[in-house]
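> My questions are about this predicted structure, shown below with the sequence.
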Amino acid sequence: MGRLVVIEGLDGAGKRTLADALTAELTRLGRTVARRAFPRYGEDVHADLVRDALQGRLGDTVDSVYAMAVLYALDRRGAADSLRADLAAHDVVLLDRYVASNAAYCAARLHQDAHGEFVGWAYDLEIRRFGLPVPDLHLLLQVPVEVAAARAVHREAVEADRARDSYETDAGLQARCAKVYQQLAAEHWLADWHVVDGVTEVDFARLAARTLGSS
Ligand SMILES: Cc1cn([C@H]2C[C@H](O)[C@@H](COP(=O)(O)OP(=O)(O)O)O2)c(=O)[nH]c1=O
């Protein structure tokens with residue numbers, strides 16, 4: 001059974017870049033890696049509804065934090081079987097966002113923290129009721145809110161299909177979300193958490209060892 005490792009962090013933190021470099025290092029070490037990203041835009045109706053809502057295409061009809069959270073969670077539930085198959089066939093399954101994204105973003109939207117009602121509800125929905133696989137490790141890619149925002153603006157400028165959505169342009173939300181992530185990491189919510197400093201150079205040999213559970 002492979003290790004389920006989740007990269008979390010703010011929009012623009014650089015999660016995909018971290019996943020690429022970590023995958024390269026793990027592959028160099030002879031390990032097999034499967035990659036997935038949530039939401040699964042283009043693959044799942046729930047994720048597509050989320051995107052429509054984030055980009056304001058549904059008006060206010062899905063402007064409920066709980067409705068959005070359920071859509072994100074249903075998208076993951078739809079991927080659960082393939083996730084289990086990936087875990088059976090690879091040493092590491094590397095995810096770009098997972099259950100903790102729902103916990104952090106939706107708690108922040110509700111102006112709650114990690115001890116608020118929402119985080120417990122998200123756990124109950126996704127882990128207990130939907131039975132989604134529990135991660136072995138979270139890597140929290142931490143960068144200052146302003147740095148993440150600047151990277152998201154830059155990405156919007158260079159990637160035609162990557163316009164910032166309503167979460168990404170909300171600086172207050174991103175700041176609250178960063179705080180919830182910090183709390184989740186400090187408390188090792190759901191699994192072990194390791195904070196990766198996204199500003200200084202990352203030591204990928206050490207990070208790979210950590211990913212494999214050997215340090
Ligand atoms: C996966 C997930 C994402 N989100 C939020 C975080 C992001 O602001 C937003 C979109 O995710 P994001 O990773 O930015 O998708 P993409 O880069 O492909 O556009 O959704 C949740 O609130 N809950 C979740 O479960």
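Structure received.
> How about residue 55, nearest residue that isn't a chain neighbour?
residue 165 (5.5 Å; C-beta to C-beta, 6 or more residues apart in numbering). For the C-beta atoms, the positions are set from N, CA and C on the backbone; glycine is no exception.
> My error: substitute residue 180 in the last question.
Going by C-beta to C-beta, 6+ apart, residue 180 has residue 104 as its nearest residue, at 4.4 Å.
> need the next SSE after the one helix or strand the one you found maps to, C-terminal direction.
Residue 104 belongs to helix 99-109 when assigned by DSSP states H and E. Next helix or strand after helix 99-109 toward the C-terminus (DSSP H and E): helix 117-123.
> Would you point out which residue is most central in the chain?
The centre of the chain sits closest to residue 97, judged by C-alpha atoms, centre = their mean, with a distance of 1.7 Å.
> From what I see, that one and residue 13 are in contact.
No: the criterion here is C-beta atoms under 8 Å, and residue 97 misses it with residue 13 at 10.8 Å.
> So the residue nearest to residue 180 sits against residue 185, correct?
No: using C-beta under 8 Å as the test, residue 104 is too far from residue 185 to be in contact (10.0 Å).
> Which one's more surrounded, those two?
residue 104 (31 against 21; other C-beta atoms under 10 Å).
> Now do the helices in the protein.
Secondary structure of the chain, counting by DSSP state H: helices at 15-28, 45-54, 65-89, 99-109, 117-123, 145-158, 171-186, 204-211.
> Would you mind finding the most buried of the ones you listed?
Neighbour counts (mean count of other C-beta atoms under 10 Å) averaged over each of the helices of the chain peak at helix 99-109, with a mean of 26.
> interface residues of this protein facing the ligand?
For the chain, the residues in contact with the ligand (C-beta under 6 Å from any ligand atom) are 11, 38, 39, 41, 72, 97, 101, 102, 105, 106, 167, 168.
> Just to check, the third one is in contact with residue 49?
No: under the criterion of C-beta under 8 Å, residue 39 lies out of contact with residue 49, with a separation of 9.5 Å.
> Contact partners for residue 103?
Counting by C-beta atoms under 8 Å, 6 or more residues apart in numbering, residue 103 touches 114, 118, 119, 122, 123, 180, 184, 189.
> one more time with 6 Å
When contacts are counted by C-beta atoms under 6 Å, 6 or more residues apart in numbering, residue 103 is found next to 119, 122.
> Run through who's touching the helix or strand of the chain with the lowest mean pLDDT.
The least trusted helix or strand in the chain, going by mean pLDDT, DSSP states H and E, turns out to be helix 45-54, with a mean of 88. Helix 45-54 is contacted by residues 39, 40, 41, 58, 62, 71, 72, 74, 75, 165, 166 when judged by C-beta under 6 Å, 6+ apart.
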